[in-house]
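Asks: Have a look at this prediction, sequence included:
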Amino acid sequence: MDRQTSRNMDVLKQRFPDVYESVANAPMAPSHQLVPTPAGVPTLKVTTPEGRSIHLHSPLDPLGEAQRIAAALPRQHRLLAVLGCGLFYHVQAALESWPVGEPVLLVEADPVVLRMALACTALDGLLGRPGLTLRLGDGPEALAEHLDRYGGAEIVSQLAVLRHLPAAELAPAYYRAAYQAVVGCRDYAECRLHDPALASFVDANFSGAPLRLDTLRARLPRGGNALHEARDVLHLMDALRHDGD
Amino acid sequence: MADNAVKRILVIRTHRMGDILQVTPMIRGLRERYPDAHLAVLVAETFAEVLARNPDLDEVIAFPRVRLAEAIRNDAQFSWAAYRELRELLRRLRGSRFDRIINRQFTDFEAVLSSLAGAGAVRGKTVGADGRFCYGDPVTARVVEQTRQFGRNPALKNLVDLSMAVAGVSPSLRGLVFPVRPHVTAACEQRLREQGWGPNGPCYGIQPGASRGFKKLGSAGLAALVDHLVEARRGRVLLFGSPSERALGEEITGRLGVGPGAILNLMGETTLEELGGFLGLCDLLITGDTGTVHVAAAVGTRTLCASYGMTYPYETAPYGPGHLVLYGDLPCAPCDDPNRCTSGMACRRVLAPEVLTAGVDLQAALAAGDAAAVARLRDAAPLVGMRLLHTGESEITGDLKLYDLQREIPPLRAASVVRRGPVAPMASASHNARLRLRGLLGKIGGHVEAALAGFVVGEKETGFVAIVPIFDLWVQVLDALGRFQEAADVAPEAVAGMAVFRTDLLRLLQRIERAVTAMDLAALQDVLSMEMQPLLADLEASLQAVAL
């Protein structure tokens, strides 16, 4: 293990010990290959079980591509979730303009990808950054719990999501579920701010239980002005769901 | 409600391109009847482009209908995102305080929305006080009841005319509205020139695909049709369609006996406006009951429309005189569900190559005013047993009338209907722009009055707030002035006069903005009362005086 990798692993062990365990035990797989690019930094090529090759970053200019991805990220948010880390180029680019200390959630599905990133990129500074959390292979519920820890609805409602599309291509089911989980948290947080009566009702009646349109609509009390608008919106949702056109 | 009490109207027609185009004459009628009212349309964002340049509208409210429906249907979990977006839509509609909603959609979602939006009155399908679906106007209620009793649309009224009856309007120009800007048409012409196509010989458009299976022409008979258009009629052919249909176009061109120079596959290569531009350059469009057939009708191009299955030409035939609809004359037509057909889809005979080629020849005879040729073709083998519906105009009501050529051949005039290029929309462009300008100026005048009234009673803040919307209105005025000046039928001196007004208005707006920013009440009062009001009055008088 070279010095850079060692420094990366030390910081990882210290900040995210459970992630460290998974990464340290991940076997190096021939399906994952670092490939040099003309820009001087490598990209990561992953061959899927079906024999398809996916480059997680541009095979020509990974850093330029990362800058473009970061530039498209919306500003004016207070919480950032990155779904798919790859070799972290786009994460580093996004965090260049992200205030230090503001919460950031990094999500990666594949321990081998993470291990290769730690082996080829200096990430100790990034991993030691205050406010940053790295999760490996967490399910939707665990991701939602992490977001809840960042604070109240005011923060979570201002979540920006950066989806790394090549990663989503590599593990589509995982990243789709992760995306729905974090966006669901954001939208529910937004509801807490703008529909506090409905949020209180949901908290009180559906804690831990799956929330469905039918059950919510059926159990929402008929009286009470505070829930009047919510009833109307649920009525609209029901009509749209049954709309055959 | 008296006409002058109607200040804000919402039209709901959210999806299907052709159906949206079919409400544009009603919108024009509303604009003429309520020139000062704020006129908005609610539409699915996929189709907002259809109305983007409609000169009669003040506002197009687009929402992601398909995405929301998918989120609600597919999520095992409750979709908070869909909840939030629908809540915002509902709040926006309620905040807009519409006096009247005209819902031209028959789906449950739009009916519920129309009932919840807080409007004073709803025409069309809505939800009554008892929570049941109902129809908020006598016309829709009567049509629905008659359909229930006697079958589909027994009054044989085209949806365009039905919409106008529901809204209680009768516009001076009844055509569909889909403006194509001159530079877009010029670019389309250039594309054809690059293809080496000159002005000689007819240009045919074909759209083989459609959003729904029972509206498609398909590819089977089209190669023979294209051969006929190129070889027998010495024409050139443009293929239209969506990006996903491009392979279908390549399949058709691959089967052709004609050289590649006679056909241009534009499938997936045009924007909606460019589609209108190319259609305006065609002499004839051949297609099924698609949105494109209505775009062609809007830009003044004749169509040959093969109608079968669930489609019913008495409702949806291309609007305007001079179109020809081929319709299978079967007792089961129009059917309720093609998937349960027990007659082997005999209605699809309209798609047979020999029927389509005979239809092209018949349409050419109709356009040439050749009654003898019409009679001969009508009685020839391919078209026997087919209902041949030729569109015209009722002399009594002005509504669309379908002449069944097997029963009667109406009086024909050579090229009575058909123009080459987008004549219909452009002829009314200055009229529309003038109406729109007057409406906007009325609104600006109202804000100026409200501001001055606020200042008089000492409500300084109210006065300043009242003046802010004129900056948004100004953007619309610029747009309307531009349209007015671009219109081909506006005299040069009127164009020059409008340019002076434009400069004066802009100068005044800059002064108003400075006064608002500085909260300089005295300066604002001066510029509003001493300069803005007289200028608006002058402009209004000039618009009335302009010889159009």
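Replies: Nice, thanks for sending it over. Numbers count the residues shown, from 1 in each chain, chains lettered A, B, ... in the order given.
Asks: Report the distance from stretch B:67-75 to the chain centre.
Replies: Centroid displacement of stretch B:67-75 relative to its chain, using C-alpha atoms, centre = their mean, to the nearest Å, is 28 Å.
Asks: Sorry, wrong one. I was asking about stretch B:333-340.
Replies: Centre to centre, stretch against its chain (C-alpha atoms, centre = their mean), the figure for stretch B:333-340 is 27 Å.
Asks: List the buried residues in that stretch.
Replies: Within stretch B:333-340, the residues that count as buried by 16 or more other C-beta atoms under 10 Å in any protein chain shown are B:333-335, B:338. All C-beta atoms are positioned from the backbone trio N, CA, C, and that covers glycine.
Asks: cool, stretch A:139-156 as well?
Replies: Here stretch A:139-156 shows A:140, A:143-144, A:146-147, A:150, A:153, A:155-156 as buried, counting by 16+ other C-beta under 10 Å.
Asks: Other residues contacting that stretch?
Replies: The list of residues contacting stretch A:139-156 from outside it, by C-beta atoms under 8 Å, 6 or more residues apart in numbering or on different chains, reads A:78-79, A:81, A:103, A:105, A:107, A:133, A:135, A:138, A:159, A:177-178, A:180-182, A:184-186, A:189-190, A:192-193, A:199.
Asks: From A:Pro210, how far out is B:Ala71?
Replies: The gap separating B:Ala71 from A:Pro210 is 16 Å, by C-beta to C-beta, to the nearest Å.
Asks: Compare those two (neighbour count), which wins?
Replies: B:Ala71 (21 against 9; other C-beta atoms under 10 Å in any protein chain shown).
Asks: Quick one: name whatever helix or strand follows the one helix or strand the more buried one maps to.
Replies: Taking DSSP states H and E as the criterion, B:Ala71 maps to helix B:65-74. Downstream of helix B:65-74, the first helix or strand assigned by DSSP H and E is helix B:80-96.
Asks: helices and strands around the helix or strand where B:Gln190 lies, which ones?
Replies: Applying DSSP H and E as the criterion places B:Gln190 in helix B:182-194. Applying 3 or more C-beta pairs under 8 Å, 6 or more residues apart in numbering or on different chains; DSSP states H and E, one finds that helix B:182-194 makes contact with helix B:272-280.
Asks: Show me which residues of chain B are close to chain A?
Replies: B:15, B:65, B:68-69, B:72-73, B:75-84, B:86-87, B:90-91, B:107-109, B:111-113, B:116 (C-beta under 8 Å from any C-beta of the partner chain).
Asks: I would like a ChimeraX command selecting only the buried ones among the residues you listed, please.
Replies: Provided next is the ChimeraX selection string for whichever of those are buried by 16+ other C-beta under 10 Å:
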select /B:15,65,68,69,72,75,78,79,80,81,82,83,84,86,87,90,107,108,109,111,112,113,116
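Asks: Going along the chain, name the strands of chain A.
Replies: A:32-35, A:43-47, A:53-55, A:79-83, A:104-108, A:132-136, A:159-163 (DSSP state E).
Asks: Ok, which of those comes nearest chain B?
Replies: strand A:159-163 (11.8 Å; C-beta to the nearest C-beta).
Asks: Who does the closest one pair with, and is each partner parallel or antiparallel?
Replies: The sheet places strand A:159-163 alongside strand A:79-83 (parallel), with pairing taken from DSSP bridges.
Asks: Taking their axis directions, the partner strand and strand A:132-136 sit at what angle?
Replies: 30 degrees (axes from the mean of the first three to the mean of the last three C-alpha atoms, to 10 degrees).
Asks: how big is the angle separating strand A:79-83 from strand A:104-108?
Replies: Using the same axes, to 10 degrees: strand A:79-83 against strand A:104-108 is 10 degrees.
Asks: Output strand A:79-83 as PDB, nothing but the C-alphas.
Replies: Output in PDB follows, covering the C-alpha atoms of strand A:79-83 (Å, rounded to 0.1, in the frame of the first residue of the first chain):
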ATOM      1  CA  LEU A  79     -27.500  20.100   2.100                       C
ATOM      2  CA  LEU A  80     -25.800  18.100  -0.600                       C
ATOM      3  CA  ALA A  81     -26.300  14.400  -1.400                       C
ATOM      4  CA  VAL A  82     -24.000  12.800  -4.000                       C
ATOM      5  CA  LEU A  83     -25.200   9.500  -5.300                       C
END
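Asks: Grab the nearest non-local neighbour of the closest residue to chain B within chain A.
Replies: Going by C-beta to the nearest C-beta, chain B is nearest to A:Asp187 of chain A, at 3.4 Å. Leaving aside its sequence neighbours, A:Asp187 sits nearest to B:Trp80 (C-beta to C-beta, 6 or more residues apart in numbering or on different chains; 3.4 Å).
Asks: In this model A:Arg192 seems to touch the one you found, though I could be wrong.
Replies: No. Here B:Trp80 lies out of contact with A:Arg192, judged by C-beta atoms under 8 Å, at a distance of 10.0 Å.
Asks: thinking again about what came up before, just the buried residues of stretch A:139-156: which are in helices?
Replies: Among those, DSSP state H puts A:140, A:143-144, A:146-147, A:153, A:155-156 in helices.
Asks: top helix in chain A by residue count?
Replies: Per DSSP H, chain A has its longest helix at helix A:172-194.
Asks: try chain B
Replies: Longest helix in chain B by number of residues (criterion: DSSP H): helix B:429-456.
Asks: What are the phi and psi values at A:Pro221?
Replies: phi -60, psi 150 (degrees, to the nearest 10).
Asks: check contacts around the residue nearest to it when sequence neighbours are not counted.
Replies: Leaving aside its chain neighbours, A:Pro221 sits nearest to A:Leu227 (6.6 Å; criterion: C-beta to C-beta, 6+ apart). With contacts defined as C-beta under 8 Å, 6+ apart, A:Leu227 is in contact with A:197-198, A:201, A:220-221.
Asks: Any regions of the chain where pLDDT drops low?
Replies: All of this is about chain A. Along chain A, segments meeting pLDDT under 70 span A:208, A:224, A:244-245.
Asks: Actually, chain B is the one I wanted.
Replies: B:1-3, B:74-76, B:153-155, B:210-220, B:255-260, B:413-432, B:456-462, B:487-490, B:544-548.
Asks: How about the residues of chain A by chain B?
Replies: A:180, A:183-184, A:187-188, A:190-191, A:194-195, A:210-213, A:216, A:229, A:232-237, A:239-245.
Asks: Report the distance from the longest helix of chain B to the chain centre.
Replies: Using C-alpha atoms, centre = their mean, the offset of helix B:429-456 from its chain centre is 26 Å.
Asks: just checking, what packs against that helix?
Replies: helix B:24-33, helix B:460-467, helix B:469-486, helix B:521-526, helix B:533-545.
Asks: Number of residues surrounding residue 176?
Replies: Assuming you mean chain A. Count around A:Arg176 with other C-beta under 10 Å applied: 14.
Asks: switch to chain B, that's the one I care about
Replies: Residues near B:Leu176, counting by other C-beta under 10 Å: 25.
Asks: One more: A:His77?
Replies: 17.
Asks: Pretty sure it sits against A:Gln158.
Replies: Yes. Counting by C-beta under 8 Å, A:Gln158 is a contact partner of A:His77 at 4.8 Å.
Asks: circling back to that earlier point, pull out the buried members of the contacts of A:Leu227.
Replies: By 16+ other C-beta under 10 Å, these give A:198, A:201, A:220 as buried.
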